[in-house]
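**Q** All I have is the shape, not the residue letters:
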């Protein structure tokens, strides 16, 4: 398996845009990767966008970003007020929101977003809009374990040290009190998925996060 590194061009920071439909999506999908990059000393400039965040979920979104981006060179959090579960029915407004956000800052090097074939309607729409909006960037689609049973076969992996994997789970449990009643929101779920992905990519410590990289240009 040929390793490819996420590195910024030249000496500047790696510009990352993270798109999540809900306040815990980014943290679950690519939180370990963001922690690992910072632990490696890679400078990050992160634009963190959550489409449905109101009330307690807005507080959790900001707390989650603060924990997972503690070592980032710059972090910008943008929260939308769209209705949870109804993003496809507000599609035009959501598209305008995403496009306006892109125009308001520097172009990212990499975009993290939802898996195109996720069964959650909000997730699918956001994935489609990411590909519509970011045509010259690396787009990595993350996975969210849940009741739907829609996990697929990823083709890109980021190995995680055991300490990073455990820190990710601690952050999730510390921040997202509104989600703890869900049957799938457990330490075993998150550690188990990272363990499985670690096996699949031969990670040294046995843990990894996985992504779907549908289009890459190799130079």
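**A** Arrived safely, thanks for sending. As the structure is a prediction and not an experimental result, all values here were calculated from the model. Numbering: from 1, shown residues only.

**Q** How many neighbouring residues does residue 62 have?
**A** The tally of other residues near residue 62 (other CB atoms under 10 Å) stands at 17. All C-beta atoms are positioned from the backbone trio N, CA, C, and that covers glycine.

**Q** for residue 86, that is, sorry about that
**A** Residues contacting residue 86 under the criterion other CB under 10 Å number 13.

**Q** Quick one: residues contacting it.
**A** Contacts here follow CB atoms under 8 Å, 6 or more residues apart in numbering; on that basis residue 86 touches residue 122.

**Q** could you pull out the strands for this protein?
**A** The residue ranges that make up the strands of the chain, judged by DSSP state E, are 14-20, 44-50, 74-79, 110-114, 138-142, 156-160, 207-212.

**Q** Between the ones you listed, which one is closest to residue 131.
**A** Evaluated with CB to CB, those place strand 138-142 nearest to residue 131, the distance being 6.2 Å.

**Q** quick one, that closest one and strand 14-20 angle?
**A** Using axes from the mean of the first three to the mean of the last three CA atoms, to 10 degrees, the inter-axis angle of strand 138-142 relative to strand 14-20 is 40 degrees.

**Q** follow-up on the earlier one: include mean pLDDT when you put the strands of the chain into a markdown table, please.
**A** Supplementary listing: those in a markdown table, determined by pLDDT from 0 to 100:
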| stretch | mean pLDDT |
| --- | --- |
| strand 14-20 | 98 |
| strand 44-50 | 98 |
| strand 74-79 | 98 |
| strand 110-114 | 98 |
| strand 138-142 | 97 |
| strand 156-160 | 97 |
| strand 207-212 | 98 |
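
**Q** Reformat the ones you listed as a markdown table; add mean neighbour count.
**A** Rendered in a markdown table, the data for the strands of the chain read as follows (neighbours: other CB atoms under 10 Å):
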| stretch | mean neighbour count |
| --- | --- |
| strand 14-20 | 25 |
| strand 44-50 | 23 |
| strand 74-79 | 17 |
| strand 110-114 | 25 |
| strand 138-142 | 24 |
| strand 156-160 | 22 |
| strand 207-212 | 26 |
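
**Q** Hmm, residue 210 is touching residue 154, no?
**A** Yes - between residue 210 and residue 154 there is a contact under CB atoms under 8 Å: 3.6 Å.
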